[in-house]
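Visitor: the following block contains a protein sequence and its predicted model.
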Amino acid sequence: MKTANIWKKAITLATALLAAATLAIGTGTTALAAGSGTITVHKYARSTAGVPNPGNMYTGEAIADTSGLGKPLQGAGFSLYKLDTAALDTAIRNGNKFVSYSIANDNTVTFTLDGKGAPPVTAVTTAATIVGSEKKTDASGVAVFDTLEDAYYLLQETTTPVGYNACEKSVIRLPLTKANGTEHNRNIHVYPKNVSDAVPVTKTIDGDPKVLWEGDDILFTITADFRSANVSSVADLRKDGKYGEAYVIDKIQEYFKYVSVESVTLIGPAGNTVEPLAAGTDYTVDTSKLNGAGNGDLKVSLTEAGIDKAVAAGAASYAVKVKLQYLGAQGFIGNVAAELKNIAKSVVNKAGDPQVDPEDPNIPETEVYVPTTQIVLNKKDSKDNPFAGATFRLAKVANPTSDNDYVRDINGNVIELTTDANGLLSFNGVSYSELTGTTYYLKEIHTQPGYQLKVGTIAVTLEKKSDDSNKSQLDDKGDWISGAVVRASVTVVNYPNGEIDPEEPAFSLPLTGGAGTTILTIIGVATMLGAVAWFILRKKKENA
């Protein structure tokens with residue numbers, strides 16, 4: 001999942017809201033106990049629990065229940081800088097309101113104001129002076145700055161644990177106002193998150209991703225990083241004769257069936273393939289949690305031998321290729337194929353640590369979506385009324401000559417759909433190339449009595465992924481979003497016998513004239529033949 005970007009945005013938003021809220025209090029508050037304030041930093045590794053109670057962002061009060069914030073992170077170092085805000089204080093007192101702030105590399109802070117005061121001020125840049133020395137978080141993930149005066153402060157992470165990205169710098173106002181609205185809070189608690197620079201697990205579809213028809217196989221690649229919240233490198237998986245854990249769980253949904261693990265490969269820091277691993281020796285496949293239909297939780301674990309190879313190679317990650325078969329029942333009138341997705345998660349635990357519960361909700365998961373498809377036919381008569389009872393097949397070629405040329409179900413039977421009372425039918429979940437698009441051909445095989453049966457086929461195209469028609473169904477990285485449907489539709493008109501079909505005129509023209517003119521034509525031809533015979537006989541007599 002894309003949690004790294006989410007956390008970065010959340011942290012930035014949280015600190016901006018905190019600054020906005022505190023600045024709104026005003027800077028003219030008289031210090032009640034100057035030099036007695038504290039800023040307590042609570043440091044947690046990334047979790048999937050989301051941003052904590054927004055009320056804390058405005059008040060700085062301690063969060064009572066921290067169970068959902070993730071694992072406390074020891075060894076993160078923080079430095080605190082006091083900002084010289086005399087000019088800012090004056091500008092705000094004169095009616096200029098805070099808009100935003102930005103922090104430069106040298107830790108000077110520029111505050112943007114609305115410029116509506118007297119005199120108007122739109123920006124104030126403040127210098128920063130370090131307060132004391134760097135503080136590092138303890139085993140509980142806590143570091144405390146104390147004996148602080150009322151002021152604006154800049155908090156910066158200056159030592160970042162291996163395997164993590166530093167959190168954003170933030171501006172903190174001391175004091176804030178407590179949630180009760182009547183007391184100042186001079187014991188501020190902040191909860192910055194450290195985001196791992198590892199990508200715990202990603203999942204992709206091999207080759208040209210396609211929408212699946214019943215019975216199709218699809219190959220997924222699960223790539224799991226050897227770093228996690230408590231593992232800085234693959235070397236942490238083996239220490240003093242003890243081994244940690246490294247496994248992935250593929251959560252196979254009910255519309256897929258497990259087929260096989262095709263391969264497990266070690267990947268280097270540059271993304272290069274380092275070494276393939278051997279099944280049974282270097283990794284094991286646990287299917288005990290799959291049900292009779294072949295779906296459920298599939299577990300692929302590295303053995304001690306596999307970990308030895310990973311450590312020796314200095315591998316950064318490992319890739320597991322899993323083949324699944326699609327079981328979903330598609331192709332029903334009016335039904336859009338169900339959303340297809342596949343979920344995976346990775347567990348990496350260093351040697352000597354307690355085993356990780358694979359059901360822990362804080363373990364990051366990733367999802368990959370396969371878009372569904374829908375080919376909709378809208379059938380009308382020549383007076384634009386819905387036309388029920390017309391039956392169609394879906395062909396893969398423009399001129400089908402055998403059953404092999406048509407889309408078939410998992411049992412090999414050609415699928416035939418008939419328009420409903422609204423004149424509609426829908427072929428759903430057909431295979432599709434997102435790189436080139438896919439064209440199918442509708443073939444009418446039955447119509448109502450008294451109407452003309454279409455002679456040729458009708459082309460309909462599912463457009464490629466990059467087509468404008470699909471852009472609204474892609475995320476900012478160009479991946480399909482949840483619920484994506486690649487859709488194509490066509491309207492087909494049935495004409496009654498005796499009425500010209502403008503799309504197929506050569507096959508719908510009536511005989512010239514009626515039965516009477518046909519008889520006259522026959523008599524005319526016979527008369528001409530008789531005249532020719534008389535002429536030939538006469539010539540013979542003249543030459544005799």
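Guide: Great, that's in hand. These numbers were taken from a predicted model, which means no experiment stands behind them.
Visitor: kindly state the domain boundaries assigned to the chain.
Guide: 3-196, 201-369, 372-494, 512-544 (automatic domain parsing).
Visitor: mean neighbour count added to those domains, as TSV?
Guide: All C-beta atoms are positioned from the backbone trio N, CA, C, and that covers glycine. Listed next are these as TSV, based on neighbours: other CB atoms under 10 Å:
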stretch	mean neighbour count
domain 3-196	17
domain 201-369	18
domain 372-494	17
domain 512-544	9
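Visitor: lowest average pLDDT across those domains?
Guide: Here the domains of the chain differ in mean pLDDT, and the lowest is domain 512-544 at a mean of 53.
Visitor: mind listing what His446 touches?
Guide: Going by CB atoms under 8 Å, 6 or more residues apart in numbering, His446 touches Gly389, Ala390, Thr391, Thr418, Leu453.
Visitor: could you work out the most separated pair of those?
Guide: Thr418 and Leu453 (13.8 Å; CB to CB).
Visitor: before we move on, back to that, let's have the domains of the chain in TSV, adding distance to Asp501.
Guide: Listed next are the domains of the chain as TSV, based on distance: least, CB to CB, whole Å:
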stretch	distance to Asp501
domain 3-196	55
domain 201-369	25
domain 372-494	6
domain 512-544	17
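Visitor: now for those, which one comes closest to Ile500?
Guide: domain 372-494 (9.6 Å).
Visitor: and the closest one, how far out from the chain middle?
Guide: 26 Å (CA atoms, centre = their mean, to the nearest Å).
Visitor: that domain: end-to-end distance?
Guide: Terminal residues of domain 372-494 are spaced 29 Å apart (CA to CA, to the nearest Å).
Visitor: isn't Leu277 up against Val320?
Guide: No: between Leu277 and Val320 there is no contact under CB atoms under 8 Å: 9.5 Å.
Visitor: among the contacts of His446, which ones are in strands?
Guide: Thr391, Thr418 (DSSP state E).
Visitor: of the contacts of His446, closest to Lys82?
Guide: Of all those, Lys82 sits closest to Thr418, with 78.0 Å by CB to CB.
Visitor: list the contacts of that closest one.
Guide: Going by CB under 8 Å, 6+ apart, Thr418 touches Ile333, Ala388, Gly389, Ala390, Thr391, Phe392, Leu425, His446.
Visitor: recalculate using a threshold of 10 Å.
Guide: Applying CB atoms under 10 Å, 6 or more residues apart in numbering to Thr418 gives the contacts Ile333, Lys379, Ala388, Gly389, Ala390, Thr391, Phe392, Leu425, Ile445, His446.
Visitor: and the last one, what are its bridge partners?
Guide: When bridges are assigned using DSSP bridges, the partners listed for His446 are Thr391.
Visitor: tell me, what residue is most central in this protein?
Guide: Against the mean C-alpha coordinate of the chain, by CA atoms, centre = their mean, the closest residue is Ile481 at 4.7 Å.
Visitor: what sits against that residue?
Guide: Contacts of Ile481 by CB under 10 Å, 6+ apart are Tyr369, Pro371, Ser472, Gln473, Leu474, Asp475.
Visitor: state the phi and psi torsions of it.
Guide: phi -90, psi 170 (degrees, to the nearest 10).
Visitor: perfect, I'm done here.
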